[in-house]
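Chemist: My questions concern the predicted model and sequence given below.
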Amino acid sequence: MQTEPGTLARGRGRTLSVTIAEESYHLGRNDINTLLNYGQSVPLSRIENGTIRPDKAIFVTTVIDGHITVHTSGRVVLVVTRTNLFSVPLASFRKVARGEAVSAPLFPVMPDAGWFV
């Protein structure tokens, strides 16, 4: 059985989690709203492990590794990382965002397909 290369899943508080390989990314409610209602790209960010400073403060770093956008056709959502490109049908993305589905698989897009340009 082959596992999917990535997964879009519902998180706490109406947020979404994108898992690609061993990395986990977070999409907040505002990002989801911006993506679905306004069609604007949103950053694909992850939180690195926090470090504790000598004064007991926790220092957390957010790293932007790519972006998520709706394709111009309006049928798929593209997840773009530094090294890969994935797609998820817009209908599946909306179902997960609304809580009608628990998760949806991400599909790798071949760079020579040319349709994503």
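Modeler: Yep, that arrived. Every value quoted in this text rests on a predicted model; they were computed, and no experiment measured them.

Chemist: Can you check the pLDDT for the residue nearest the centre of the chain?
Modeler: What sits nearest the mean C-alpha location of the chain, by C-alpha atoms, centre = their mean, is V18, with 4.2 Å. We have a pLDDT of 92 for V18.

Chemist: if I read this right, it contacts L106, doesn't it?
Modeler: Yes. Using C-beta atoms under 8 Å, V18 is in contact with L106, at 7.4 Å. Just so you know, the C-beta spots here come from the backbone N, C-alpha and C atoms, and that holds for glycine as well.

Chemist: need the longest strand for this structure.
Modeler: Assignment by DSSP state E gives strand 62-70 as the longest strand of the chain.

Chemist: hang on, the earlier thing: now list whatever residues contact both of V18 and L106.
Modeler: Both V18 and L106 are contacted by 6-8, 79, under the criterion C-beta atoms under 8 Å, 6 or more residues apart in numbering.

Chemist: Who wins on neighbours among these?
Modeler: L8 (27 neighbours; other C-beta atoms under 10 Å).
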